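Q: when you get a sec, could you give me coordinates for this:
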Amino acid sequence: MRNIVYHPGVPLAPESPDAVGLAAQGLLVAVVIPCFRVSKHVLHVLADIGGDVDLIYVVDDRCPEQTGLLVERDNRDPRVRVIRNETNLGVGGATIEGMKRAIADGADIIVKLDGDGQMDPRLLPVFIEAIRSGQADYAKGNRFYDPDGLATMPRLRVAGNAALSFLAKLSTGYWQSFDPTNGYVAIHAEVARRLPFEKISKRYFFETDVLFRLNILQARVVDIPMPATYGSERSNLRVSRVIAPFAFGHLRNFIKRIGYNYFLRDFSVASLELVIGIALLVFGLWFGLSHWSSTSPASAGTVMLAGLPVILGMQLLLAFVSYDVQSAPMSALHPRLLRAPRVQPRPR
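A: Coordinates of the predicted model:
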């Protein structure tokens, strides 16, 4: 099994030899492009998609620029299919619609990239190979891999993505992954088929919410280094509008993940470390603060009774975090899913 790695600064040909032979292996590759106010860029994106892709779904998410009509009128690529949403579903909702169509049409590997030109279609063979080779169930871009490339990224985005990445590590459990809001992703259809699309966020929290759902499935995720590219396109994301939903989403997913992975599906030493660590930390802080306002000097015993539980509690919580970091899935799930027989639900 050969590991293909993109090296920043080394361009890839539109049709990489590494992707040749996918059709011979019986693998159908589909690309989903959600479109909203990208009419100036989408045709260039379509033109750069190489021959290793079999189907392309352009999802017009109730675009005021009528991107779907533009593609139908000016595009000559027979692989392109246009999907029109009757209402605006957001980037996540549009991507889900495209994925559902790709799964229904028999796709084996599904890649999502944006239509604004920020994601280089020449990287498609790298994302495809990560799934095809069985290295991962889900591959996502990482714009932070090359420090020199960050010079093109606005400083506010660098700081914001760094903060979001740390929160995403907590809520998704993929501690080795970075740049969680990166929308350049590839997924095996057998894994995508098991995602609860109806529960996944349809807006800008989509990528992070998918990672949380993948952790529940115990799917393996890998990062694909990619350059940060910014041109004349404008992001529809407004930071002030997403701070509260992102904070709530991370907290909700963190509680769900911990509860499911450490108490419902499994109960281990890490579960005890978490419970006892929180209990000791809370008790030590409560006891210490309750004696803080006392006018008389605290005795050595009082200090120890307040400080020791805090120290032990922190040690246990750090041990739990260490266990959580090491428990990220290390093997791909989809090879096992492909070998397992599909069981149809019994009629009631």
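
Q: what stretches of this protein score poorly on pLDDT?
A: 1-25, 149-152, 157, 229-242, 293-295, 342-348 (pLDDT under 70).

Q: now residue 206. Nearest residue, chain neighbours left out?
A: The shortest distance from residue 206 to any non-neighbouring residue, by Cβ to Cβ, 6 or more residues apart in numbering, is to residue 92 (2.8 Å). All C-beta atoms are positioned from the backbone trio N, CA, C, and that covers glycine.

Q: SS state for that neighbour?
A: helix (DSSP: H, G, I helix; E, B strand; the rest coil).

Q: okay, how far is it across stretch 142-162, tip to tip?
A: End-to-end distance for stretch 142-162: 12 Å, by Cα to Cα, to the nearest Å.

Q: over to stretch 148-156?
A: Start-to-end span of stretch 148-156 (Cα to Cα) is 17 Å.

Q: could you look up the SS state of residue 58?
A: Per three-state DSSP, residue 58 ends up strand.

Q: that one reaches residue 33, doesn't it?
A: Yes: with contacts counted by Cβ atoms under 8 Å, residue 58 reaches residue 33, the gap being 5.2 Å.

Q: overlap of the contact sets of the two?
A: Taking Cβ atoms under 8 Å, 6 or more residues apart in numbering as the contact rule, residue 58 and residue 33 both touch 42, 46, 115.

Q: any chance of those in TSV with secondary structure and neighbour count as columns?
A: Below are those laid out as TSV (DSSP: H, G, I helix; E, B strand; the rest coil; neighbours: other Cβ atoms under 10 Å):
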residue	secondary structure	neighbour count
42	helix	25
46	helix	21
115	coil	27
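
Q: adding distance to residue 203, write these out as a markdown table.
A: Below are the shared contacts of residue 58 and residue 33 laid out as a markdown table (distance: Cβ to Cβ, whole Å):
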| residue | distance to residue 203 |
| --- | --- |
| 42 | 21 |
| 46 | 25 |
| 115 | 17 |
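
Q: and residue 171, what does it touch?
A: 208, 212, 249, 250, 251, 253, 254, 257.

Q: I'd say the second one and residue 172 touch.
A: Okay, so that is residue 212. Yes: the pair residue 212 / residue 172 is scored as a contact, 4.8 Å apart, by Cβ under 8 Å.

Q: residue ranges of the strands in the protein, please?
A: Shown for the chain, the strands assigned by DSSP state E span residues 29-35, 55-60, 80-84, 109-112, 138-142, 185-188, 221-225.

Q: closest one to residue 334 among the ones you listed?
A: strand 185-188 (4.1 Å; Cβ to Cβ).

Q: endpoints of stretch 321-336, how far apart?
A: Note: stretch 321-336 ends 28 Å apart using Cα to Cα.

Q: so which bits of it are buried?
A: 321, 323, 324, 327, 328, 329, 332, 333, 334 (16 or more other Cβ atoms under 10 Å).

Q: between those residues, which is nearest residue 50?
A: Closest to residue 50, out of all of the buried residues of stretch 321-336 and judged by Cβ to Cβ, is residue 334, at 23.3 Å.
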